[in-house]
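Novice: No letters, just coordinates:
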């Protein structure tokens with residue numbers, strides 16, 4: 001199976017790429033859904049950087065800082081069964097708090113345009129706005145575009161910008177960021193139905 005690279009190098013390089021019919025054909029920093037995380041990172045590093053969700057330990061999230069890559073970090077969701085198979089992966093580019101929102105929005109537009117060249121048969125959404133659940137002030141939000149692989153919207157590529165309100169930023173110190181993510185149906189179902197309920 002030829003895997004398609006979704007690696008940012010200022011712009012995407014899609015030379016000699018074919019159309020993607022399966023989300024598992026896509027990669028972020030050379031990593032795909034269905035890969036074993038141990039092929040890329042040590043078990044100790046994965047476990048030391050893992051976080052569980054409030055109401056279910058079926059999956060955990062691990063975040064790796066990258067050096068000399070376009071993404072600052074890569075975030076993976078892995079089933080908690082000691083097999084270390086990746087069910088969701090995201091590449092994240094952080095922005096300074098005083099960077100204009102347009103900087104992230106322009107990058108998102110470029111990525112969406114590049115992705116569309118290989119996923120033009122995949123359902124593409126308009127920009128969708130979601131508020132950050134943890135921010136009670138309602139001033140933190142994300143704006144994302146989705147490429148849906150399934151009719152039930154459960155398996156997708158997401159390209160989004162997240163902007164944090166001043167109060168929430170002071171509390172959490174999380175930077176505004178761009179997120180390019182690949183999400184499998186099984187992980188999506190768990191996140192929506194089990195992780196927080």
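Specialist: Perfect, I can see it now. In this text the structure is predicted, and so the values were computed from the model without any measurement.
Novice: use CA for all of it now, contacts and neighbours both
Specialist: Fine.
Novice: which non-adjacent residue is nearest residue 50?
Specialist: Nearest residue to residue 50, sequence neighbours excluded (CA to CA, 6 or more residues apart in numbering): residue 62, at 4.3 Å.
Novice: Could you give the bridge partners of the one you found?
Specialist: residue 50, residue 76 (DSSP bridges).
Novice: Across the sheet, point out what pairs with residue 180.
Specialist: Bridge pairing for residue 180 - DSSP bridges - gives residue 91, residue 159.
Novice: Please name every helix or strand in contact with the helix ranked longest in the chain.
Specialist: For the chain, the longest helix by residue count, based on DSSP state H, is helix 101-116. The elements that helix 101-116 packs onto, with contact taken as 3 or more CA pairs under 8 Å, 6 or more residues apart in numbering; DSSP states H and E, are strand 156-163, strand 177-183.
Novice: continuing past that helix, what's the next helix or strand?
Specialist: strand 123-124 (DSSP states H and E).
Novice: May I ask you to confirm that the residue nearest to residue 50 is in contact with residue 77?
Specialist: Yes - when contacts are counted by CA atoms under 8 Å, residue 62 is listed as touching residue 77 (6.5 Å).
Novice: shaky segments in the chain?
Specialist: 1-20 (pLDDT under 70).
Novice: What segments of it are helices?
Specialist: Under DSSP H, the chain gives helices at 43-48, 101-116, 166-172, 185-193.
Novice: ok, back up a step: give the contact list for the residue nearest to residue 50.
Specialist: Shown in contact with residue 62 (CA atoms under 8 Å, 6 or more residues apart in numbering): 46, 47, 49, 50, 51, 75, 76, 77, 78.
Novice: Top of those residues by number of neighbours, please.
Specialist: residue 76 (28 neighbours; other CA atoms under 10 Å).
Novice: ok, now which ones touch that residue?
Specialist: 61, 62, 63, 86, 87, 88, 89, 90.
Novice: what's the answer for residue 131, then?
Specialist: Counting by CA under 8 Å, 6+ apart, residue 131 has contacts 138, 139, 140, 141, 142.
Novice: now the contacts of residue 76 as JSON lines including distance to residue 185?
Specialist: JSON lines is the format used below for the contacts of residue 76 (distance: CA to CA, whole Å):
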{"residue": "61", "distance to residue 185": "16"}
{"residue": "62", "distance to residue 185": "19"}
{"residue": "63", "distance to residue 185": "21"}
{"residue": "86", "distance to residue 185": "12"}
{"residue": "87", "distance to residue 185": "8"}
{"residue": "88", "distance to residue 185": "9"}
{"residue": "89", "distance to residue 185": "13"}
{"residue": "90", "distance to residue 185": "15"}
